[in-house]
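> Provide a 3D model corresponding to the input given below.
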Amino acid sequence: MEIIYPSLIEETYRYNKKFDSKITKAEIYQHFYQMGLIQENGEPTIEALEKGYVKDYTEDWDITFSEFLSIYPVFKQYNSSHFKMIEHFWEMDRTLQIEILEKWENDEFTEEEMIDLTAFFEERLPSSDK
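Numbers count the residues shown, from 1 in each chain. Below is the predicted model of the structure:
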């Protein structure tokens, strides 16, 4: 049986794997839980969110573009003309998608920007589980 970990654990695992090849997702989950950063279900605790230890990437319907940029600051470097509200959420045009993919492949984003992009696309790309 494969355990499905929340995205916070998956992101932390990918990052830490670069420095410690023996680390496991279970160890990360246990550490975060014991430190009070996540609840048993893997969701961040209110304290972790309030203190900024964990970032909340939740997008509400019909947020302003300014609110969108506060969730995903990586997009501040791009012209707003690349974005459009579609079915209550901000989406980007194909031109920007290609540009971001090229920059991603060339390692031109910071770690923080990569986390923002991962969170943005995670909810928008079709799941391979279906």
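> Check which element follows whatever helix or strand Ala48 lives in along the chain.
Applying DSSP states H and E as the criterion places Ala48 in helix 46-50. Per DSSP H and E, the first helix or strand lying C-terminal to helix 46-50 is helix 65-71.
> Please point out which parts of that following helix sit buried.
Using 16 or more other Cβ atoms under 10 Å as the test for burial, helix 65-71 gives Phe68, Leu69, Ile71. The way it works is simple: take the backbone N, C-alpha and C, and place the C-beta from them, glycine included.
> How far does the helix or strand bottoming out on mean pLDDT in the chain sit from its chain's centre?
Lowest by mean pLDDT, DSSP states H and E among the helices and strands of the chain is helix 7-17, with a mean of 86. Helix 7-17 sits 11 Å away from the centroid of its parent chain (Cα atoms, centre = their mean, to the nearest Å).
> which stretches of the chain have low pLDDT?
Scanning the chain for pLDDT under 70 picks out 126-130.
> Relative to Glu99, how far out is Leu117?
Distance, Leu117 to Glu99, using Cβ to Cβ, to the nearest Å: 12 Å.
> More neighbours: the two, which one.
The neighbour comparison of Leu117 against Glu99 (other Cβ atoms under 10 Å) goes to Leu117, with 18 against 14.
> so that one touches Tyr78, yeah?
No. Counting by Cβ atoms under 8 Å, Leu117 does not reach Tyr78; the two are 11.7 Å apart.
> Dump the buried residues of helix 65-71 to TSV, plus distance to Asp56.
Below are these laid out as TSV (distance: Cβ to Cβ, whole Å):
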residue	distance to Asp56
Phe68	14
Leu69	15
Ile71	8
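> which of those residues lies closest to Gly36?
Of all the buried residues of helix 65-71, the one with the least separation from Gly36 (Cβ to Cβ) is Ile71, at 23.8 Å.
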